[in-house]
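*Asks:* Pasting the sequence and the predicted coordinates here, then a few questions.
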Amino acid sequence: MKGEIQVEMCNRQLAIDNFDNMINYESQCEWTKEKVYRNSCVTKVLVDKHIKWRGVFGKIDINAKIPKILSEVLKTFFIDAYSPKWLIENIESSSINFFNEVDQENYEKAIQQINYSDFVAWTNNCVKSPFSFIQNRDAVGVLYVKQIHNKTYITMKSVKAAQCKGYTRSTIINQHFTFAETNGKTTLTSFLLCDPGGQVPSFAYNMALEARNDILVDLKQMIESERKTS
């Protein structure tokens, strides 16, 4: 997979320029009433009459500092041996790519929980469908990690690129995470608005949105259980 798909260099600067619009997107939208998902995650769904696909918001408190949580979240964008088991089982192929060596160095520092500077990368993931009547999906997106004061942000948005043969292209309209730390504990919020592509009925996709926040709950359980056993 790696090397077969290319993303133009201009997309690096676009990710930086679009940062404010990305993280402020949901403030302009209407939402359903907040609910508590799996006893620990506050969730709500975006309702926009102009878009048939709905977005989902999640917020969870994790008893850990930002560097640890950021490292684990980044591992869900690029799937390797260190990624969660449920992701590995559903990935056909995965690659992470960099626009320059400095970006790659800072990504590796973030994974290792070492001081790093802001960086941009792009990913290509091909995912197996859990259902025989739904085609496998692939997505190409540019990821931007930015630090502002005591907060850290990740944004992700799809860009134009060649499509993998045998896959239906999904489009990440807007995905972002915010990490805010206080006294060694972190509030992690996420937002995802995606067009799955193909013939997936919008009502079926929208009904399953809350499950997108499983990643937040699973992340909390994994990190906090590690702290208890260490």
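*Replies:* Yep, it's here. Residues are numbered from 1 along each chain as shown.
*Asks:* Relative to Leu74, how far out is Met222?
*Replies:* Using CB to CB, to the nearest Å, Met222 is found at 14 Å from Leu74. Just so you know, the C-beta spots here come from the backbone N, C-alpha and C atoms, and that holds for glycine as well.
*Asks:* If you could redo that for Gln6, that was the one I meant.
*Replies:* 22 Å.
*Asks:* what do you get for Asn174?
*Replies:* 18 Å.
*Asks:* Show me which of Met222 and Leu74 is the more surrounded one.
*Replies:* Neighbour count, other CB atoms under 10 Å: between Met222 and Leu74, Leu74 has more, with 19 against 12.
*Asks:* Follow the chain on from the lowest-mean-pLDDT helix or strand in the chain and name the next helix or strand.
*Replies:* Ranked by mean pLDDT, DSSP states H and E, the helix or strand of the chain with the weakest confidence is helix 85-90, at a mean of 70. Counting by DSSP states H and E, the next helix or strand C-terminal to helix 85-90 is strand 91-98.
*Asks:* Skip ahead from that following strand and say which helix or strand is next.
*Replies:* Using DSSP H and E, the helix or strand that follows strand 91-98 in sequence is helix 101-111.
*Asks:* other SSEs contacting the following helix or strand past that next one?
*Replies:* The helix or strand immediately downstream of helix 101-111 is strand 119-127, counting by DSSP H and E. If contacts are counted by 3 or more CB pairs under 8 Å, 6 or more residues apart in numbering; DSSP states H and E, strand 119-127 sits against helix 10-17, strand 91-98, helix 101-111, strand 137-148.
*Asks:* Just the CA atoms of strand 119-127, as PDB, please.
*Replies:* Output of strand 119-127 as PDB, limited to C-alpha atoms (Å, rounded to 0.1, in the frame of the first residue of the first chain):
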ATOM      1  CA  PHE A 119       3.400  18.300  13.000                       C
ATOM      2  CA  VAL A 120       1.400  17.100  10.000                       C
ATOM      3  CA  ALA A 121       1.000  13.600   8.500                       C
ATOM      4  CA  TRP A 122      -1.300  11.800   6.200                       C
ATOM      5  CA  THR A 123      -2.800   8.300   6.500                       C
ATOM      6  CA  ASN A 124      -4.400   5.700   4.300                       C
ATOM      7  CA  ASN A 125      -6.400   3.000   6.000                       C
ATOM      8  CA  CYS A 126      -8.300   0.200   4.200                       C
ATOM      9  CA  VAL A 127     -10.900  -1.300   6.500                       C
END
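*Asks:* Great, nothing more from me.
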